[in-house]
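Participant: Quick check, what structure comes out for this input:
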Amino acid sequence: MDYLKVEFPGGLRVDANLRGHTIRTDQPRGAGGEDSAPSPFELFLGSIATCAGIYALGFCNSKGISTEGMSISMNIERDAYTGLVGKVWLDLKVPEGFPKKYENAIIKSMDLCAVKKHLHHPPEFRITVS
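Facilitator: Below you'll find the model as predicted:
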């Protein structure tokens, strides 16, 4: 059984199906798509931020700290020569009353993100045709 299956529903849309969920993607209008969903690369960036968010949420839950009003903002900087993302900034807005003594600890927790770890130790890719 496949871990994930990709289908092509039309236009520049490409959907991934896994565990009964459909992850829809499309290209922006400027790239010829309908902009009906995030692009695959936007989902990749979103996976970094949401993964860090899962760790921040887990940290707060373990300490009994409310996450109401908590958010993460992401900014990126592209390398001028390659066009690839060269820097990623995640800014955690902590909820009101968040204990200052936990700021470094929640950053360390977010740094454990599995997506980020895979970027540091990328898997080998093999592509076949059947």
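
Participant: Residue 60 sits in which helix or strand?
Facilitator: Using DSSP states H and E, residue 60 sits in helix 40-63.

Participant: hmm, who's touching that helix?
Facilitator: Contacts of helix 40-63 with the rest of the structure, by CB atoms under 8 Å, 6 or more residues apart in numbering, involve 14, 23, 25, 38, 65-67, 70, 72, 74, 76, 85, 88, 90, 92, 95, 99, 102, 105-106, 109-116, 119. For the C-beta atoms, the positions are set from N, CA and C on the backbone; glycine is no exception.

Participant: what's the spacing between it and its chain's center?
Facilitator: Centroid displacement of helix 40-63 relative to its chain, using CA atoms, centre = their mean, to the nearest Å, is 7 Å.

Participant: which intervals of this structure have sub-threshold pLDDT?
Facilitator: For the chain, the stretches with pLDDT under 70 are 1.

Participant: need the strands for it, in chain order.
Facilitator: Counting by DSSP state E, one finds strands in the chain at the ranges 5-10, 13-18, 21-25, 71-78, 85-93.

Participant: What sits closest to residue 9 if chain neighbours are left out?
Facilitator: Nearest residue to residue 9 in three dimensions, chain neighbours excluded: residue 15, at 5.8 Å (CB to CB, 6 or more residues apart in numbering).
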